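S.K.: Kindly return the folded structure for what I paste below:
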Amino acid sequence: MVASDKSNDCRKLGPEQQEEVRRRVVVVIQEGMPALEAARVFHVAPRSVFNWLAHYRNGGWGALKTAVRAGRPRKLDGRKVKWIYNTVTTKNPLQLKFRFALWTREMVRALIKSRYGIRLSVSSVGRLLRQLGLSVQRPLWRAWQQDPEAVKKWKNKEFPKIRRNAKRLSAKVYFQDESGLRSDFHAGTTWAKRGTTPIVPATGARFSLNMISTVSPRGELRFMVTERRLNAGLFCEFLDRLMYNEDGHVFLIIDGHPAHKAKLVRRHLEKYEGRLRLYFLPPYSPELNPDEYVWGWVKTHRLGRQVYSSKLEMRALVTGALRSLQRQADTIIAFFRAPDLRYITM
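M.R.: The predicted structure follows:
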């Protein structure tokens, strides 16, 4: 853990202590702490942090010593390093007229050449990014149509209101979603001889199944496997299964699929006399629905490694996987701990 004293001014420290501060700042940034956060923790100016990173890049740890620094002229000084860091961490490449939305070393290399006229090798750019505490990450994709204000309102106002009403009525709260699975879906890796791509025999026939499920923060899972396409009639059938032997209130949170908003569904809800209520998530916001993790678990961790010889076998494996997850309440509860879903249990 990094410790610092607000009363300490780095400029008042002795040479050895100053060198230690510089070294520790560079270390924590390379371990993943954002540069501005490191500046705040160690009570130094952000400009100094990027200057130290530039010196380190040019001459290693020795370049951080309190002395006149010799060596070849720096291609990238602290100001340029700061610009590169801010651009990569806050900008989408599409905003800078690149064709793709994900940063690569080649794109950063082109960016540096365009901005400063400095030519760096791809490997040198990779070292620079690592020295800035950056690493290759698998991004989370978000629909550009998503309204951030609607998401904020859902998290801060709408769902807390739903939660209060559920508590008042002792209602169960479920999140629902649908997904499909095709026979040609595969996931996972396998060991094989280096340079030789392994081949796994599988059926060339294509068939699919659809799945509907709900999860609750208490670790409950209800599901339905079907060959039918989702429509209002099928959704009503699932609602009846959800309410089977249910005497209390149920709040079901769903997305805005047309089948969920059909007149048939609204008429069907009347039979439950207000005990079953539907609430709609903001548009284009699947990350707010914990039921999405059911499909990730079922498809990627279980069924993606399976080979099916027939639709009947596929249905048996799908049903078995969902029943297995149904018995793992702790796993389902863990879905709700994802960063985007913490609003549910706050």
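S.K.: Check the gap between the nearest residue to residue 232 once chain neighbours are set aside and residue 239 for me.
M.R.: The spatially closest residue to residue 232, leaving aside those adjacent along the chain, is residue 262, at 3.6 Å (Cβ to Cβ, 6 or more residues apart in numbering). Glycine gets a C-beta too; all of them are placed from N, C-alpha and C. In this view, residue 262 and residue 239 are 12 Å apart by Cβ to Cβ, to the nearest Å.
S.K.: Out of these two, name the residue with the larger neighbour count.
M.R.: When residue 262 and residue 239 are compared for neighbours, residue 239 comes out ahead with 21 against 16, by other Cβ atoms under 10 Å.
S.K.: Quick one: residues contacting that one.
M.R.: Applying Cβ atoms under 8 Å, 6 or more residues apart in numbering to residue 239 gives the contacts 252, 265, 268, 269, 276.
S.K.: Show me which of these is closest to residue 317.
M.R.: Of all the contacts of residue 239, residue 317 sits closest to residue 252, with 27.3 Å by Cβ to Cβ.
S.K.: Any idea what the closest one is bridged to?
M.R.: Judged by DSSP bridges, the bridge partners of residue 252 are residue 174, residue 278.
S.K.: My guess is it contacts residue 279. True?
M.R.: Yes. Look at residue 252 against residue 279 with Cβ atoms under 8 Å: they come within range, at 7.2 Å.
S.K.: who has more neighbours, the two?
M.R.: Using other Cβ under 10 Å, the more surrounded residue of residue 252 and residue 279 is residue 252, with 21 against 16.
S.K.: Please determine how far the more buried one is located from residue 223.
M.R.: Applying Cβ to Cβ, the value for residue 252 to residue 223 is 14 Å.
S.K.: Check residue 82 too.
M.R.: In this structure, residue 82 and residue 223 are separated by 51 Å, where distance is defined by Cβ to Cβ.
S.K.: in the stretch 151-300 of the chain, which spans are helices?
M.R.: For the stretch 151-300 of the chain, the helices identified by DSSP state H, counting those that start in this stretch occupy 159-169, 232-243, 263-269, 292-295, in order along the chain.
S.K.: Check the stretch 1-150 of the chain too.
M.R.: With DSSP H, counting those that start in this stretch as the definition, the stretch 1-150 of the chain shows helices at residue ranges 15-30, 35-42, 46-59, 78-90, 105-116, 122-131, 148-153.
S.K.: If I average pLDDT within each of the helices of the stretch 151-300 of the chain, which one is lowest?
M.R.: The stretch with the lowest mean pLDDT among these is helix 292-295, which comes in at a mean of 91.
S.K.: could you say what helices and strands it packs with?
M.R.: Counting by 3 or more Cβ pairs under 8 Å, 6 or more residues apart in numbering; DSSP states H and E, the packing neighbours recorded for helix 292-295 are strand 172-182, strand 208-215, helix 329-335.
S.K.: May I see the ones you listed organised as TSV, with distance to residue 146 and mean neighbour count added?
M.R.: Shown next, in TSV, are those (distance: least, Cβ to Cβ, whole Å; neighbours: other Cβ atoms under 10 Å):
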stretch	distance to residue 146	mean neighbour count
strand 172-182	17	20
strand 208-215	22	21
helix 329-335	21	16
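S.K.: Dump the ones you listed to a markdown table, plus distance to residue 227 and mean pLDDT.
M.R.: Listed next are the helices and strands packed on helix 292-295 as a markdown table, based on distance: least, Cβ to Cβ, whole Å; pLDDT from 0 to 100:
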| stretch | distance to residue 227 | mean pLDDT |
| --- | --- | --- |
| strand 172-182 | 10 | 92 |
| strand 208-215 | 6 | 93 |
| helix 329-335 | 26 | 94 |
